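J.: fold the stuff below for me.
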Amino acid sequence: MRIFRLGVLACDHIDDPELIEAADGVDYHDMCADLVRRHQLDLDVAVEVAVYDAVNGELPGQPGECDGWIITGSRHDAYRDDPWLVALRDFIVQLYEARARTVGICFGHQAVAHALGGRAEPAGCWKVGPHEMTVESTPWFDGATVAIYGMHRDVASLLPPDGVDLGKGTTAEHPIFTVGDSILCMQDHPEFSYRYEAQLIESRRSRTGDEVADDGMAAMAAREADGQLVSEWITRFLLDDRRAGHEAAG
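T.: Numbering: from 1, shown residues only. From the prediction side, this is the model:
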């Protein structure tokens, strides 16, 4: 069995008691690690997880400390110049230069774009609840139309020079993209459960407004999210599990 060491760059923590309960007591880095853990037996891999508290200034010494990386979501703005954000973006550049297998989720998606010569910025509106995107086939997984839970008002508005869109969707102009053949980014949250997303929408109702919150809750009732399928995509990408007959991109 292959040992795969996953590094999770924790860019936020859950601190609201009701959200902690809705998350069954786990934090964002646990949710992201579970995206990979849930597939380890199917793919004959033993996943070992190392968590780096990036939001509090803890980063790895070098990209080779782990076999693959996930950059979590966050309530913070990826384009600001707080010291921890500058340090995180500098490390993202190191990951790119080392061609380290990396996945960015929501804030992580935006931070990658901003760090590598693209741009993240406010979108002007909130996107919550399940949002659909149609994803192209890649060397690592077949494409499909999927829904993933959203919770954001910032977006990656410009891709890095080496960035390639993998699909289109209702959540943002660039809902999912790769950078070379080592970085995969997506705007929404395959790691969120129904219970957690619902509580998050309610907790932010005063910020999003009732109409946005009500529409998000209605969409959740009408459409299940495809977190299981998308988590498999993420895992196959991190493991660089290329499908037979497909050449590497980049």
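J.: now the strands for this protein?
T.: Applying DSSP state E to the chain gives strands spanning 2-9, 45-52, 68-71, 101-105, 119-135, 144-158, 163-165, 167-169, 176-179, 183-186.
J.: what's the third one in contact with?
T.: If I follow you right, that is strand 68-71. With contact meaning C-beta atoms under 8 Å, 6 or more residues apart in numbering, strand 68-71 is reached by 4-9, 11, 32-33, 35-36, 54, 63, 88, 92, 95, 100-105, 107-108, 111-112, 234, 238-239. All C-beta atoms are positioned from the backbone trio N, CA, C, and that covers glycine.
J.: go with 7 Å
T.: Contacts of strand 68-71 with the rest of the structure, by C-beta atoms under 7 Å, 6 or more residues apart in numbering, involve 4, 6-9, 11, 32, 95, 100-105, 108, 111-112, 238.
J.: show me the residue at the heart of the chain, geometrically.
T.: What sits nearest the mean C-alpha location of the chain, by C-alpha atoms, centre = their mean, is residue 105, with 1.3 Å.
J.: chain neighbours aside, what residue packs nearest to that one?
T.: Sequence neighbours aside, residue 73 is the residue nearest to residue 105 in space, at 5.4 Å (criterion: C-beta to C-beta, 6 or more residues apart in numbering).
J.: what's the local residue count around that neighbour?
T.: If you count neighbours by other C-beta atoms under 10 Å, residue 73 ends up with 25.
J.: what's the separation between the residue nearest to the centre of the chain and residue 62?
T.: In this view, residue 105 and residue 62 are 22 Å apart by C-beta to C-beta, to the nearest Å.
J.: returning to what we had before: can you list the strands of the chain in CSV and add distance to residue 84 and mean pLDDT?
T.: Converted to CSV, the strands of the chain look like this (distance: least, C-beta to C-beta, whole Å; pLDDT from 0 to 100):
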stretch, distance to residue 84, mean pLDDT
strand 2-9, 11, 97
strand 45-52, 11, 97
strand 68-71, 13, 98
strand 101-105, 16, 98
strand 119-135, 16, 95
strand 144-158, 17, 97
strand 163-165, 24, 97
strand 167-169, 30, 95
strand 176-179, 22, 98
strand 183-186, 20, 98
